[in-house]
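> I'll drop the sequence and a predicted model, then ask my questions.
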Amino acid sequence: MTSLSIEGRARLVGTDINTDYIISSRRKRVTIDPDELRKFIFEDYDAEFGQSLAPNDIIVAGNNFGCGSAMEVAVTVVRAAGIKCVIAPSFARAYYRNAINNGLLPVICPTENIYEGDTLSIENRDDALCVTNVTRNETLNGEALPSMMIEILNEGGLASYLLKHGDFPAQL
Amino acid sequence: MTRGATITEKILSAHSGRTCRAGESVVCTVDAAMASDGSAPMAIDYFNKMGGKTLAQPKSIVFALDHYSPPDNPATVALQDRMRDFTAKNGNVLYEIGAGISHQLMIERGHVRPGQLVVGADSHSVQYGAANVFSTGVGSSDLAAVMLTGKLWFRVPESIRINLTGALNPGVDAKDIALEINRILDPADASYRALEFSGEGATSLKFEERMLLSNMSTDAGAKAGVFAADAVTEAYLKDDTTLQGAVSADENAEYALDLTIDLSSLSPRLARPPVDGAAAEIVGIEQDIGQPVDMVYLGTCTGGRKSDFERALNILKAGGRKHPCVQLIVTPASDRVYGDIASNGMLAEFVKFGALIMTPGCGSCCGTCGTIPGDEKVVISAANRNFTGRMGNAKARVFLASPEACAAAAVTGEITDPRSLLP
């Protein structure tokens, strides 16, 4: 991941944020268009918070972010809100994969010292994802991504990866 | 001595063409892949973006119209029609509205066999683990990758051994085992790991009980929930399959965690509605006895099979009535389950008790079709999940329990220990 560098404002949510909180599953029965779904982001968790999200905000969560359903609209709706990165100490597995597959960077990193509105900067350095809290002058090392995920992210997601390569490599 | 392998490591090794161990990443051939109307339309979009022209293995791709069964508006019908059109062109398998819940159909209609590697674009695809399958839930993009290539990459998970001892007491259900596992296991422990069920308690479980435990392994945060195959597996899968590919763990396999649960020590459990965005708290049912209930839901991929309805009906019959203030909903997991309970007279008995019988499918479980609870109403459900808003109304409160405990609440109009109503 050569060019990765993201800067934005920390937007805090709690622990065990399930996919239905991110986007209610009843919404996707009418449309799977992320720009339409964006109107309802976080509506059952905190609708006001959802509407206040702005492009380049960074979602900062507690453990087990994206638990529950494997529905991918829970990632595409976050992308549609202009968000490029989510930081949490742990992610639900399907959410983590879906994030990578759609070009949303999931950073596994402790978040207890990050506060609402802090300015964060994320950079890829020496096999670790560095999270710098500019507001509090503190740098944390997030978990490095598996190489396959870096490749997918570099291509902009799984669809463009497979459009380019046609297949997975025989061995990783 | 080299260490042995878990069921998970063996299945992923066999499908990647090399011996792999937990922590490694591998590309595997996938034996079958499922998508529902909740995930297939998006998978078709990704497939097209990948430049997909034809399916790698059409007969191994299964679509099921279960989440919106039946649909209640033209936009949903349009999403389902995209699946029908895709199927007409590409020759994959498609189950129509009313056939039932994808996870039930995958097992019931012979799409999975012991030793296989299967994915589904729905988190409860872990259910096929009951048939000695490594199966896990993926998103629509990963599903599209399987449609295109017949393969997917995996990080081989560590396993947690769930050693079950003893036997369940009357009125205590496999659901109570699952809730107990989910109470004990921190999602941080279960995440990225597979549960492997073993011990005499596991072998003593009926196949439908194993399906429930595998199904709810995702609600514990796990990537899969796998059983060994035995005569019980063979009998349930009938002639659709054989035990030829069955895989068992080596004696000296390594586990990230060992958890023993004495089934005879369990009592009925309850998952309470989540409060203020926190995860659902799981308690003994005695803590909430007397809580008034407005709706009782019997159904879903967790609690909508013939044996579930049998146990629930026994409680209703022992109680002699349905409480007049309770709305009782019955949704069979598949058309076969529907046919079975119709032909043995159970369906008519449910109707006599005042139950509302719904089309086989996901029904009210995720609030996308079927009956929706009103504001401030209290539901007790045989389902696996009770996130706020889950049944279509964020202002309703949903408790999860066994079919027996649900039926007991239907009798009394309040949360009731089902053991007090055993026939």
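Alright, I've got the coordinates.

> let's verify residue 115: helix, strand, or coil?
Going with chain A. coil (DSSP: H, G, I helix; E, B strand; the rest coil).

> now for it, how many residues are close by?
13 (other Cβ atoms under 10 Å in any protein chain shown). All C-beta atoms are positioned from the backbone trio N, CA, C, and that covers glycine.

> also B:Leu143?
31.

> try the one 5 residues further on
When counting by other Cβ under 10 Å, one arrives at 23 neighbours for B:Leu148.

> is the strand or helix carrying A:Arg97 up against chain B anywhere?
If you go by DSSP states H and E, A:Arg97 is part of helix A:93-101. Yes. Helix A:93-101 lies within reach of chain B by Cβ under 8 Å from any Cβ of the partner chain, at A:Arg93, A:Ala94, A:Arg97, A:Asn98, A:Asn101.

> quick one, grab the pLDDT at the third one.
Confidence at A:Arg97, expressed as pLDDT, is 96.

> so where's chain A uncertain?
Applying pLDDT under 70 to chain A flags the ranges A:1-3.

> which stretches in it count as strands?
Using DSSP state E, the strands of chain A run over A:5-12, A:58-60, A:85-88, A:105-108, A:119-125, A:128-133, A:138-142.

> dump those strands into a markdown table; add distance to B:Leu421 as well.
Converted to a markdown table, those look like this (distance: least, Cβ to Cβ, whole Å):
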| stretch | distance to B:Leu421 |
| --- | --- |
| strand A:5-12 | 46 |
| strand A:58-60 | 47 |
| strand A:85-88 | 44 |
| strand A:105-108 | 47 |
| strand A:119-125 | 56 |
| strand A:128-133 | 55 |
| strand A:138-142 | 53 |
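
> any chance of TSV for those, columns mean neighbour count and distance to chain B?
Listed next are those as TSV, based on neighbours: other Cβ atoms under 10 Å in any protein chain shown; distance: least, Cβ to the nearest Cβ, whole Å:
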stretch	mean neighbour count	distance to chain B
strand A:5-12	17	12
strand A:58-60	25	14
strand A:85-88	25	11
strand A:105-108	22	11
strand A:119-125	17	19
strand A:128-133	19	17
strand A:138-142	15	16
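
> could you report the neighbour count for the closest residue to chain A within the stretch 251-400 of chain B?
Nearest residue of the stretch 251-400 of chain B to chain A: B:Gly389, at 3.9 Å (Cβ to the nearest Cβ). Neighbour count for B:Gly389, taken as other Cβ under 10 Å: 23.

> that one sits in which helix or strand?
Per DSSP H and E, there is no helix or strand for B:Gly389.

> my read is that it contacts A:Asp44, right?
Yes. Using Cβ atoms under 8 Å, B:Gly389 is in contact with A:Asp44, at 3.9 Å.

> now do the shared contacts for the two.
A:Asp20, A:Tyr21, A:Ser24 (Cβ atoms under 8 Å, 6 or more residues apart in numbering or on different chains).

> ok, those residues vs chain B, which is closest?
Relative to chain B, the closest of the shared contacts of B:Gly389 and A:Asp44 is A:Asp20; by Cβ to the nearest Cβ it sits at 4.5 Å.

> just the C-alphas of the helix holding A:Arg97, formatted as CSV.
This file holds the C-alpha atoms of helix A:93-101, laid out as CSV (Å, rounded to 0.1, in the frame of the first residue of the first chain):
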residue,chain,number,x,y,z
ARG,A,93,-15.0,-10.9,10.3
ALA,A,94,-17.5,-10.5,7.5
TYR,A,95,-17.5,-6.7,7.9
TYR,A,96,-13.7,-6.6,7.8
ARG,A,97,-13.7,-8.5,4.5
ASN,A,98,-16.5,-6.5,3.0
ALA,A,99,-14.8,-3.3,4.0
ILE,A,100,-11.6,-4.3,2.1
ASN,A,101,-13.6,-5.5,-0.8
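
> next one: the least confident helix or strand in chain B by mean pLDDT to chain centre, how far?
Least confident helix or strand, chain B: helix B:187-190 with a mean of 87, by mean pLDDT, DSSP states H and E. Relative to the centre of its chain, helix B:187-190 is centred 19 Å away, using Cα atoms, centre = their mean, to the nearest Å.

> and for stretch A:55-69?
6 Å.

> in it, what counts as buried?
By neighbour count with 16 or more other Cβ atoms under 10 Å in any protein chain shown, stretch A:55-69 contains the buried residues A:57-69.

> what of stretch B:224-237?
So, applying 16+ other Cβ under 10 Å, buried residues of stretch B:224-237: B:Ala224, B:Gly225, B:Val226, B:Phe227, B:Ala228, B:Ala229, B:Asp230, B:Val232, B:Thr233, B:Glu234, B:Tyr236, B:Leu237.

> could you do stretch B:15-25 as well?
Here stretch B:15-25 shows B:His15, B:Ser16, B:Cys20, B:Ala22, B:Glu24, B:Ser25 as buried, counting by 16+ other Cβ under 10 Å.

> ok, and of the residues you listed, which contact chain A?
Answer for the buried residues of stretch B:15-25 near chain A (Cβ under 8 Å from any Cβ): B:Ser25.

> mind checking the end-to-end distance for stretch B:359-366?
14 Å (Cα to Cα, to the nearest Å).

> right, is that stretch up against chain A?
Yes. Judged by Cβ under 8 Å from any Cβ, stretch B:359-366 comes into contact with chain A through B:Cys366.
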